[in-house]
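Q: all I have is the shape, not the residue letters:
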Ligand code: PGA
């Protein structure tokens, strides 16, 4: 696993946007694994700039998001459906809507929805590039500490650490959903290439642990050590 400090959030975000841009332009039928969260905001901003400036055809690009909260309506401002629309799909409105996939956190039968989403990824995949953030507790997607390394898309009970960390996006901690639907660790590992990004001092302990922990289900991101093609980009603050 290569961990590279690119100095600032902007440099790292631009670098990763360029990686996605190259994948899209060189392989116009690529499958992209997308992530949300504060970490990815600038990646999408730069990607939209690159796509717009060069008027790139993205109609053949298929996207799979990592996760979604359970129980937030799609137009809730903190839902990941809303996030993706605001940060990418509305800003560059040339993606083919039928090729944009996020798990449905409002499905009546959540287990069936998890199975449907997993089957879709297996049928349409593999994902060419999966981008990932990392939780302060080492989660990737919403795979919390203790998640089975063989897990597929599943319903997750969020840990208090995640609820607390994500409460910064909600008015009140009590509003943070307690569950999510997430690609499993095994689902994520099927991607041909994985790029993980971490910014800010709050992520420095997770990055240190990622370096030190070889494979431990209590630190889910450690599974990435067993993937042949992983790149990690950090800024000065998270590299400390
Ligand atoms: P963040 O979340 O980008 O909002 O810090 C990342 C994560 O929890 O995976």
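A: Alright, I've got the coordinates. For clarity, every value in this text was computed on a predicted model and none was experimentally measured.
Q: contact partners for residue 88?
A: Neighbouring residues of residue 88 by Cβ atoms under 8 Å, 6 or more residues apart in numbering: 34, 44, 47-48, 95. (Glycine included, C-beta is placed from N, CA and C.)
Q: need the residues of this structure near the ligand, please.
A: 37-39, 133-135, 139 (Cβ under 6 Å from any ligand atom).
Q: residues touching the residue in the chain positioned nearest to the ligand, list them.
A: Distance from the ligand to each residue of the chain (Cβ to the nearest ligand atom) is smallest for residue 37, at 2.6 Å. By Cβ under 8 Å, 6+ apart, the contact list for residue 37 reads residue 133.
Q: the one 10 residues further on too?
A: Applying Cβ under 8 Å, 6+ apart to residue 47 gives the contacts 17, 20-21, 88, 92.
Q: keep only those of those that are in helices.
A: 17, 20-21 (DSSP state H).
Q: now pLDDT and neighbour count too, for these, in TSV please.
A: Listed next are the ones in helices among the contacts of residue 47 as TSV, based on pLDDT from 0 to 100; neighbours: other Cβ atoms under 10 Å:
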residue	pLDDT	neighbour count
17	98	22
20	98	23
21	98	18
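Q: how about the strands in this protein?
A: Here the chain has its strands, by DSSP state E, at 2-5, 31-34, 62-65, 67-69, 100-101, 129-132, 154-157, 179-182, 193-198, 230-234.
Q: take the ones you listed and write them to TSV, including mean pLDDT and mean neighbour count.
A: Formatted as TSV, the strands of the chain follow (pLDDT from 0 to 100; neighbours: other Cβ under 10 Å):
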stretch	mean pLDDT	mean neighbour count
strand 2-5	94	13
strand 31-34	98	24
strand 62-65	98	22
strand 67-69	98	25
strand 100-101	98	17
strand 129-132	98	25
strand 154-157	97	19
strand 179-182	98	24
strand 193-198	98	24
strand 230-234	98	22
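Q: double-check residue 195 against residue 19; I have them as touching.
A: Yes: using Cβ atoms under 8 Å, residue 195 makes contact with residue 19 at a distance of 6.4 Å.
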